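Turn this into a structure:
(one chain, ligands or ions: 1)
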Amino acid sequence: MTTSEVMAYISDVTQGNLDRKCYLERLMVRMREQNTKMELFSKLHEKPQGKSEGALAGLPISVKDNICVKGFPTRAGSKILREYHPPFDATVVSRIRDAGGAFVGTTNMDEFGFGTFSTNCAYGLPKNPFDTNRSCGGSSGGAAGATAILKNHIAIAESTGGSISCPAAFCGVVGFTPTYGRVSRFGLIDYANSLDKIGVMTRSVEDLRIILPIISGRDPNDMTSQVQPPLDSTEKEIRKIGIPKELIGNITDKKILETFWQAIDKMRQEGVDAEEVSIPTLEYSIPAYYILACAEASTNLAKFCGMRYGLEGQHFDSMYNNFFTEVRSSAFGQEAKRRIMLGTFARMAGYRDQYYMKALRIRRKMIEEFERAFKGIALLASPTMPLLPPRFDEIEDMSPATVYALDFLTVPPNLAGLPHISMPMGYANDLPMGIHLIAPHWEEGRLLSAGRIWERKMEYRFPMDLEGFS
Ligand code: GLN
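Next up is the predicted model:
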């Protein structure tokens with residue numbers, strides 16, 4: 001078993017070989033310097049604490065800006081939450097504190113998670129550490145960028161339809177999304193409740209084994225968190241992986257396809273068989289996802305009305321509708337408005353059966369098809385994203401529908417609530433690409449085993465190694 005740098009750091013802290021406070025102070029100075037240009041953090045903590053005991057003793061932990069941290073601005077990348085300081089910690093945050101982790105700051109994201117490039121963010125534009133003219137991916141762009149530049153650190157992120165995998169692939173780090181219901185959503189600012197999952201980004205699969213048991217488990221505060229089989233990270237044999245032809249057949253980037261097939265060959269050398277499989281409903285994942293996600297988002301955002309949550313309206317003498325419209329018009333970004341309209345339309349009487357109910361049926365069918373596909377194979381595999389991290393000027397020329405369509409590889413496991421992982425699979429023009437593995441419900445252990453096999457074959461590159469050693 002390899003010892004990761006994170007494990008070595010934690011053991012230095014617990015054994016008293018490292019002055020945790022000095023380390024964190026120095027690290028914060030470096031992070032502040034970097035953040036002025038990289039804008040990966042929405043806000044950095046003044047004095048991170050952490051403890052000298054516990055499974056995460058003194059380890060710097062960042063948290064995506066939509067996960068509540070008591071007393072610290074938690075704004076989900078939105079202007080409408082500019083003044084919000086949560087009066088409580090999200091369950092994941094309190095578990096991390098109990099385990100001794102040092103919360104260092106919140107990471108930038110697309111407003112409420114709406115996006116694929118972290119360009120819809122009110123608190124900065126996170127830059128890809130591999131090339132600052134390019135996107136970190138979204139919506140957890142800041143979390144992925146931070147993981148790519150920080151050596152001893154773990155990022156807590158969240159995915160609704162690929163927001164962990166996409167930025168992990170673009171920033172060359174490991175992104176892990178657990179089974180829906182494995183990690184409590186209590187204290188997460190909702191995007192779409194039936195899809196949202198809290199997960200993590202690390203620099204190695206080994207680091208996942210430290211953090212996942214800490215954040216997992218049933219939480220009485222979250223009705224959708226589940227009584228669950230324990231997270232089993234013992235080594236498992238991975239005999240065969242399936243490659244869905246509906247996913248691979250829609251990728252046009254030659255370099256990504258070529259690197260993916262090379263990766264499959266490397267897995268074969270390790271005794272893992274691979275075969276093509278078919279999951280026909282995958283063709284409909286994008287429309288089904290955007291209808292369901294927007295429908296839920298549009299109801300979730302209704303509470304930010306200028307009176308109940310978020311920024312308060314000032315003009316009490318205005319007409320009823322104008323009062324609510326004023327705050328929402330000025331404080332929601334363009335993409336949030338687009339999704340409110342899309343979602344409201346999809347839920348409207350008269351259209352409900354045609355869109356919303358149909359999307360629910362597709363989701364159900366997709367889950368059944370996934371279950372069938374997993375008979376005889378351990379995991380499904382594809383590249384994580386169909387393109388290399390794009391430049392910001394290229395993104396400006398993309399229509400919203402073009403951007404939505406780019407999620408076709410990452411949306412399916414999210415729709416079905418299946419655990420998945422993205423790991424760096426290679427580099428083209430010095431930019432990272434990701435490989436995506438999907439497991440059946442509650443079979444996170446298979447992802448960790450396959451990840452370990454993969455990491456025997458692949459050396460990851462990181463553009464920067466910020467740390468607090470002098
Ligand atoms: N790109 C997807 C969307 O915009 C996924 C975002 C997410 O997982 N939060 O909805």
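
nearest spatial neighbour of the residue of the stretch 201-350 of the chain found nearest the ligand, skipping sequence neighbours?
In the stretch 201-350 of the chain, the residue that lies nearest the ligand is residue 293 (5.2 Å; C-beta to the nearest ligand atom). From N, CA and C alone the C-beta is placed, and that goes for glycine too. Distance criterion C-beta to C-beta, 6 or more residues apart in numbering; nearest residue to residue 293, sequence neighbours excluded, is residue 192 at 4.4 Å.

Next one: the one you found from the ligand, what distance?
To the ligand, residue 192 is 8 Å away according to C-beta to the nearest ligand atom, to the nearest Å.

what does residue 159 give?
Distance of residue 159 to the ligand, given as C-beta to the nearest ligand atom: 4 Å.

Could I get the contacting residues of the residue nearest the centre of the chain?
Nearest residue to the geometric centre of the chain (C-alpha atoms, centre = their mean): residue 164, 2.1 Å. Shown in contact with residue 164 (C-beta atoms under 8 Å, 6 or more residues apart in numbering): 140, 143, 157, 158, 175, 176, 177, 199, 200, 201, 422.

What residues does this protein have near the ligand?
With C-beta under 6 Å from any ligand atom as the criterion, the chain comes near the ligand at residues 113-116, 139, 159-163, 191, 293, 407.

ok, now with 5 Å
Residues of the chain that fall close to the ligand, judged by C-beta under 5 Å from any ligand atom: 113, 116, 139, 159, 160, 161, 162, 163, 407.

related to what we said a few turns ago, of all the contacts of residue 164, which two lie farthest apart?
Maximum pairwise distance among the contacts of residue 164 (C-beta to C-beta): 14.5 Å, between 158 and 422.

Quick check: pLDDT value at residue 233.
What the model reports for residue 233 is a pLDDT of 87.

Using the three-state scheme, assign the residue in the stretch 151-300 of the chain that the ligand sits nearest to.
Taking C-beta to the nearest ligand atom, the ligand has its nearest neighbour within the stretch 151-300 of the chain at residue 163, 3.0 Å off. Of the three states, residue 163 takes coil under DSSP: H, G, I helix; E, B strand; the rest coil.

That one: neighbouring residues, count only.
Counted with other C-beta atoms under 10 Å, residues neighbouring residue 163 total 36.

That one reaches residue 157, doesn't it?
Yes - contact criterion C-beta atoms under 8 Å: residue 163 and residue 157 qualify, at 6.9 Å.

related to what we said a few turns ago, quick check: what element follows the helix or strand where the residue of the stretch 201-350 of the chain closest to the ligand lies along the chain?
Using DSSP states H and E, residue 293 falls within helix 285-300. The helix or strand immediately downstream of helix 285-300 is helix 320-331, counting by DSSP H and E.

Can you give me the pLDDT of the nearest residue to the residue of the stretch 151-300 of the chain closest to the ligand once chain neighbours are set aside?
Spatial nearest neighbour of residue 163, excluding adjacent residues (C-beta to C-beta, 6+ apart): residue 139 at 4.1 Å. In this model, residue 139 is scored at 98, pLDDT.

Would you map the strands across this protein?
For the chain, the strands defined by DSSP state E occupy 41-44, 60-64, 102-107, 127-128, 131-135, 154-159, 174-177, 197-202, 240-244, 273-277, 379-383, 420-428, 431-438.

would you list those in a markdown table and tack on mean neighbour count, mean pLDDT and distance to residue 19?
Listed next are the strands of the chain as a markdown table, based on neighbours: other C-beta atoms under 10 Å; pLDDT from 0 to 100; distance: least, C-beta to C-beta, whole Å:
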| stretch | mean neighbour count | mean pLDDT | distance to residue 19 |
| --- | --- | --- | --- |
| strand 41-44 | 21 | 98 | 20 |
| strand 60-64 | 28 | 98 | 14 |
| strand 102-107 | 27 | 98 | 13 |
| strand 127-128 | 26 | 98 | 32 |
| strand 131-135 | 18 | 98 | 33 |
| strand 154-159 | 30 | 98 | 21 |
| strand 174-177 | 30 | 99 | 29 |
| strand 197-202 | 28 | 98 | 24 |
| strand 240-244 | 19 | 98 | 45 |
| strand 273-277 | 14 | 98 | 48 |
| strand 379-383 | 25 | 98 | 42 |
| strand 420-428 | 24 | 98 | 32 |
| strand 431-438 | 26 | 98 | 34 |
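
hey, which helix is longest across the chain?
Counting by DSSP state H, the longest helix found in the chain is helix 20-38.

Pull out the buried positions in it.
For helix 20-38, the neighbour count (16 or more other C-beta atoms under 10 Å) marks 20, 21, 23, 24, 26, 27, 28, 31, 34, 35, 38 as buried.

Same question for stretch 323-334.
Neighbour-count burial for stretch 323-334 flags 323, 324, 327, 328, 331, 332, 333 (criterion: 16+ other C-beta under 10 Å).

which non-adjacent residue is nearest residue 157?
That would be residue 140: by C-beta to C-beta, 6+ apart, it lies 3.8 Å from residue 157.

What is the neighbour count of the one you found?
Neighbour count of residue 140, defined by other C-beta under 10 Å: 38.

For residue 63, see how far away the residue of the stretch 151-300 of the chain closest to the ligand is.
Taking C-beta to C-beta, to the nearest Å as the measure, residue 163 and residue 63 are separated by 14 Å.

Check the gap between the nearest residue to residue 426 once chain neighbours are set aside and residue 333 for me.
Excluding the flanking residues, the one nearest residue 426 by C-beta to C-beta, 6+ apart is residue 259, at 4.0 Å. Distance, residue 259 to residue 333, using C-beta to C-beta: 34 Å.

export the contacts of residue 164 to TSV and tack on distance to residue 54?
Shown next, in TSV, are the contacts of residue 164 (distance: C-beta to C-beta, whole Å):
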residue	distance to residue 54
140	25
143	22
157	21
158	23
175	24
176	21
177	25
199	21
200	17
201	21
422	28
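
Any regions of the stretch 1-150 of the chain where pLDDT drops low?
Applying pLDDT under 70 to the stretch 1-150 of the chain flags residues 1-2.

repeat that with 90
The stretch 1-150 of the chain contains residues with pLDDT under 90 at 1-3.

Tell me who's in contact with the residue in it positioned nearest to the ligand.
Per C-beta to the nearest ligand atom, residue 113 is where the stretch 1-150 of the chain lies closest to the ligand, at 3.1 Å. The contact partners of residue 113, by C-beta under 8 Å, 6+ apart, come to 66, 76, 77, 139, 158, 160, 163, 191, 196.

Identify the bridge partners of the fifth one.
Read it as residue 158. When bridges are called by DSSP bridges, residue 158 pairs up with residue 198.

just checking, residue 218 touches residue 228?
Yes - judged on C-beta under 8 Å, residue 218 makes contact with residue 228 at a distance of 6.5 Å.

Show me which of those two is the more surrounded one.
residue 228 (17 against 12).

Quick check: the residue lying closest to the more buried one once chain neighbours are set aside vs residue 62, distance?
In space, residue 228 comes closest to residue 182 once its chain neighbours are excluded; the distance is 5.8 Å by C-beta to C-beta, 6+ apart. Going from residue 182 to residue 62 by C-beta to C-beta gives 21 Å.

swap in residue 418?
On the measure of C-beta to C-beta, residue 418 and residue 62 end up 26 Å apart.
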